[in-house]
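>>> Using only what follows, build the 3D model:
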Amino acid sequence: MSETSLNMNYEPEVIVDTDTLSREDWLSYRKIGIGGSDVAAIMGISPFATIRDLYNDKLGIEPLIEEESNWVAKEVGHRLEDLVAEIFAKKTGLTVFPVRKMFRHPLYPFMLADVDFFIIFPDGSYGILECKTCNYNARTKWEDGGIPDHYVLQVRHYLSVMNMEKAYIACLYGNNENEFIVRPIERDMMEEEEIIAQEEYFWKKYVEKQAEPPYNGKPDLILASIRKYGGYADKDLPEIEIPMHHSVDLEKYLILSEEKSQLEKRKKEIEAMQRELSVPFVEQLGASCKAVLSDGVRRYRITYNPTRRTQIGKDAMEKLKVQHPDIFEEYTKTTESRTFRVKKEAA
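Numbers count the residues shown, from 1 in each chain. Prediction:
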């Protein structure tokens, strides 16, 4: 698909009025296509989900994000959308308004858009405003004019569905209007073609054919996804034979394990030396938590702060399980972690 092959003469279709939808119905409508926040998972750069997670969500196998997961941050972001839009309008002088509808691309009906706000520009044209919030430390992801990549994909998807040329992303990271970031995004037809191609391949190759896509994305997310759908470990299952061509990767794994072992050994040596050097200072501090040393040129501040945890010991936990099984069952949760190791043996 070349840049000139995109048909630019279209208007988005309205699927449903979202203002009256329940959350359950809204989630159901999202399953009939690909939304802006889904694109990063397809492209393998999502910080939250893999392409397999997205596939399972679209087929109704497993929700993409559990309702309890990080619900406070999501709720804060939702509640502050209007405030972010208000600050943007005040800072830019542009007119901003919501349209509570879900839109669909008429040429690629698997592409959906649920846009936060729209903008009226002075020349009478329309654009998109995407409202974000983040904590103070996460503001560094926006430094030097940058925008987190998954947000860029989201907005480019919206521009394509709505057939608009410009959007802004506004992000509030503090509690006043100066702790506010505004970034413009111009439509880029070459990038848009790539996004459409990847979305179309995902939808037609995997979702419509109900064929699981291969994993892509960040290793930690992939491993978490595999554990999520794989169920609990079963030591009674027979040994699996791995194809011979994977031996190269296992050799690399073992080399990295040896490098890690050497680094950890050196780390332990350094920590032991630091503990030895700390002894006289800890002795002088006693029950105090801070100290200062000044030699006339430099000033050193020392802290020795406590970290306290209240927990139930292993023996007490066993007693609780026996004596009060109902309480134990209500307040404990079984989790599973698995350790991957490689050991080389003679054939």
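
>>> and the longest helix for the chain?
Looking across the chain with DSSP state H, the single longest helix is helix 247-285.

>>> Name the residue most distant from the centre of the protein?
Gly296 (48.5 Å; CA atoms, centre = their mean).

>>> So that residue, which state does it fall into?
Following DSSP: H, G, I helix; E, B strand; the rest coil, Gly296 is assigned to coil.

>>> try Tyr201
Following three-state DSSP, we place Tyr201 in the helix state.

>>> what residues are up against it?
By CB atoms under 8 Å, 6 or more residues apart in numbering, the contact list for Tyr201 is empty. Every C-beta, even on glycine, is put in place using the N, C-alpha and C of the backbone.

>>> since we're on Val115, how many residues are nearby?
Neighbours of Val115 under the rule other CB atoms under 10 Å: 23.

>>> part of a strand, is it?
No: under three-state DSSP, Val115 falls outside any strand and is assigned coil.

>>> list the contacts for it?
Going by CB under 8 Å, 6+ apart, Val115 touches Val99, Phe103, Ile128, Glu130, Tyr158, Met162.

>>> all helices of the stretch 51-200 of the chain, in order?
Ranges of helices in the stretch 51-200 of the chain, per DSSP state H, counting those that start in this stretch, are 51-58, 71-79, 81-92, 149-162, 189-201.

>>> okay if I get those helices as CSV plus mean pLDDT?
As requested, the helices of the stretch 51-200 of the chain are exported to CSV (pLDDT from 0 to 100):
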stretch, mean pLDDT
helix 51-58, 94
helix 71-79, 77
helix 81-92, 94
helix 149-162, 96
helix 189-201, 96
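
>>> what stretches of the stretch 151-300 of the chain score poorly on pLDDT?
Of all residues in the stretch 151-300 of the chain, none has pLDDT under 70.

>>> got the CA coordinates for stretch 325-339 in CSV?
Output in CSV follows, covering the C-alpha atoms of stretch 325-339 (Å, rounded to 0.1, in the frame of the first residue of the first chain):
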residue,chain,number,x,y,z
PRO,A,325,-9.2,-22.1,58.5
ASP,A,326,-12.1,-19.7,57.6
ILE,A,327,-10.0,-16.6,58.4
PHE,A,328,-6.9,-18.1,56.7
GLU,A,329,-8.9,-18.8,53.5
GLU,A,330,-10.5,-15.3,53.5
TYR,A,331,-7.2,-13.3,53.9
THR,A,332,-4.6,-15.4,52.1
LYS,A,333,-4.0,-15.7,48.4
THR,A,334,-2.1,-18.4,46.6
THR,A,335,0.3,-17.1,44.0
GLU,A,336,2.8,-19.0,41.9
SER,A,337,6.3,-18.1,40.7
ARG,A,338,8.5,-20.3,38.7
THR,A,339,12.3,-20.3,38.3
